[in-house]
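# Okay, here's the prediction I keep looking at, along with the sequence it came from:
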Amino acid sequence: MPARRTARLTGWGRTAPTTATVLRTADLDVLAEAVRTAGPRGVIARGLGRSYGDPAQNAGGLVIDMTALNRIHRIDVDEAVAVVDAGVSLDTLLRTVVPHGLWVPVLPGTRQVTVGGAIGADIHGGNHHTQGTFTRHVLSMDLLTADGTVRTLTPDGPERELFLATTGGMGLTGIVLRATIRLDRVETSYFLADVEQAPGFDELLERLQRNDEKYTYSKTWFDSVTKGEHMGRGFLLRGSSAKLEDLPKNLRKDPLKFDAPQLASFPDLFPSGMLNRLSAKALNEFYYRKSHTESGVVQNITQFYHLLDLFADWNRAYGPNGFLQYQFVVPFGREDVLRASMEAIVESGHISALNVLKRFGPGNDAPLSFPTEGWTLAVDLPAREGLDRLCDTLDEMVLDAGGRLYLAKDSRTTAERFARMYPQLPAWRKVRDAVDPERKFASDQSRRLDLVVG
């Protein structure tokens with residue numbers, strides 16, 4: 001019988017730790033029995049712990065560590081399809097399929113995410129405006145439900161509503177065990193990128209709307225420290241998968257080489273407060289100056305997409321108090337909210353050095369899927385006194401604009417605000433209550449947002 005252990009768990013932001021019993025096993029019978037016999041605090045699945053807040057924590061309850069379920073069952077090169085366990089990371093999947101000229105269609109800001117987590121959060125990437133969310137490319141999934149049975153779900157099958165409720169449902173409809181994923185075909189593992197510098201926020205927005213449809217991938221970084229006319233200055237990084245003819249001769253020898261090294265791991269030695277106005281200003285100045293305007297640049301996946309994956313445990317750099325990532329989406333036409341939120345952050349004295357602005361394409365039918373058509377902005381804010389007041393202010397701005405927060409990033413909003421942000425929540429509850437009437441699947445986040453009651 002696999003051993004259970006007691007563990008103190010946090011999200012990637014390392015705030016609000018709680019203690020749970022953790023079970024790690026690849027035995028499906030053991031998993032089914034664990035779900036059937038879960039105690040009053042319930043059970044939740046956990047992958048690599050990259051959700052920033054508390055959706056993969058379960059204080060006083062059971063947490064299933066899915067990393068033991070990590071087999072790649074089949075890669076069908078002709079059909080461009082992969083069948084994988086839910087505990088397989090996107091990094092492992094990419095390293096397996098890229099030599100065959102295949103690519104995972106949707107990647108978030110890190111490859112260190114499991115397939116099950118990608119489904120549960122319905123992750124998106126810099127190509128949402130062209131490729132949608134991750135589950136758009138999921139052909140089927142096996143879901144372990146509260147009664148211990150496994151259901152195979154498809155996006156257009158008889159249990160379509162359960163498929164959609166699981167999409168973005170943060171593990172509260174069951175545990176995804178396996179998925180069949182449609183892949184893209186590529187000639188190379190590189191990107192052909194254009195970089196544009198913008199001296200202020202208004203110009204950054206204007207340039208992001210110009211010719212964006214010609215790029216498969218598109219995102220911006222902006223400076224949230226500098227005040228005055230250069231507030232919000234930044235750069236656009238946009239591009240598409242490079243073709244063989246785009247590569248210089250030295251790279252054409254091995255065009256599918258997956259060039260994604262990890263240089264170092266951050267030690268857990270950093271004090272809180274290292275990211276202050278002085279250090280953040282220096283970092284922002286360096287980042288802005290090094291990103292000069294250029295076009296047609298060949299970049300590997302680390303340079304173009306996953307710079308932070310160079311460093312394991314980079315979240316430790318924020319110190320023991322941790323940090324919060326705040327990400328929201330508002331409709332097109334509400335650019336005033338983007339500027340107002342940025343001004344609120346700058347004037348608050350809270351510091352963010354990792355800031356991203358992107359455009360979303362149309363959303364999907366999943367009730368709790370985050371992306372909707374519009375602007376999405378994300379900032380990383382060190383946890384310190386007064387941050388709750390800033391975030392409350394931002395919440396109200398987002399709500400007034402008809403926007404919402406991302407559950408995979410949220411760690412502190414209220415149940416009342418969440419319900420206002422997600423008007424399809426009653427439809428999701430109906431499906432969840434039918435598949436899990438005793439609400440065995442529960443997390444710290446679900447209790448905070450009242451998703452395990454009513």
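Now that the structure is in, tell me what you want to look at.

# For stretch 145-158, measure first residue to last.
End-to-end distance of stretch 145-158 (C-alpha to C-alpha, to the nearest Å): 16 Å.

# Could you list the residues in contact with it?
28, 32-33, 35-36, 135, 138-144, 159-160, 162-164, 166, 173-174, 177, 435-438, 440-441 (C-beta atoms under 8 Å, 6 or more residues apart in numbering). Quick note: C-beta positions are derived from backbone N, CA and C, even for glycine.

# Weed out the non-buried ones from these.
32, 35, 135, 138, 141-144, 159, 162-164, 166, 173-174, 177, 435-436, 440-441 (16 or more other C-beta atoms under 10 Å).

# quick one: the helix or strand containing Lys358 to chain centroid distance?
Using DSSP states H and E, Lys358 sits within strand 355-360. The gap between where strand 355-360 is centred and where its chain is centred comes out at 13 Å by C-alpha atoms, centre = their mean, to the nearest Å.

# Same check on stretch 154-169?
Going by C-alpha atoms, centre = their mean, where stretch 154-169 is centred and where its chain is centred differ by 20 Å.

# likewise stretch 63-73?
On C-alpha atoms, centre = their mean, the centre of stretch 63-73 falls 19 Å from that of its chain.

# ok, now stretch 36-54?
Relative to its chain's centre, stretch 36-54 lies at 17 Å (C-alpha atoms, centre = their mean).

# CA atoms of stretch 368-384 as PDB?
Below are the C-alpha coordinates for stretch 368-384, written out as PDB (Å, rounded to 0.1, in the frame of the first residue of the first chain):
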ATOM      1  CA  LEU A 368     -15.100  28.700 -15.400                       C
ATOM      2  CA  SER A 369     -12.600  29.100 -18.200                       C
ATOM      3  CA  PHE A 370     -10.800  32.400 -17.700                       C
ATOM      4  CA  PRO A 371     -10.000  33.800 -21.100                       C
ATOM      5  CA  THR A 372     -12.700  36.000 -22.800                       C
ATOM      6  CA  GLU A 373     -12.100  38.300 -25.700                       C
ATOM      7  CA  GLY A 374     -10.200  41.400 -24.500                       C
ATOM      8  CA  TRP A 375      -7.100  42.500 -22.800                       C
ATOM      9  CA  THR A 376      -5.300  40.500 -20.100                       C
ATOM     10  CA  LEU A 377      -2.800  42.000 -17.700                       C
ATOM     11  CA  ALA A 378      -0.600  40.200 -15.100                       C
ATOM     12  CA  VAL A 379       1.700  41.500 -12.500                       C
ATOM     13  CA  ASP A 380       3.800  39.900  -9.700                       C
ATOM     14  CA  LEU A 381       3.500  41.700  -6.400                       C
ATOM     15  CA  PRO A 382       5.600  40.800  -3.300                       C
ATOM     16  CA  ALA A 383       3.400  40.100  -0.300                       C
ATOM     17  CA  ARG A 384       3.700  42.900   2.200                       C
END
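
# So the closest residue to Leu390 other than its chain neighbours versus Val379, what's the distance?
With sequence-adjacent residues excluded and distances taken as C-beta to C-beta, 6 or more residues apart in numbering, Leu390 is closest to Ser348, at 4.7 Å. In this view, Ser348 and Val379 are 11 Å apart by C-beta to C-beta, to the nearest Å.

# Having no further points to raise, I will conclude here.
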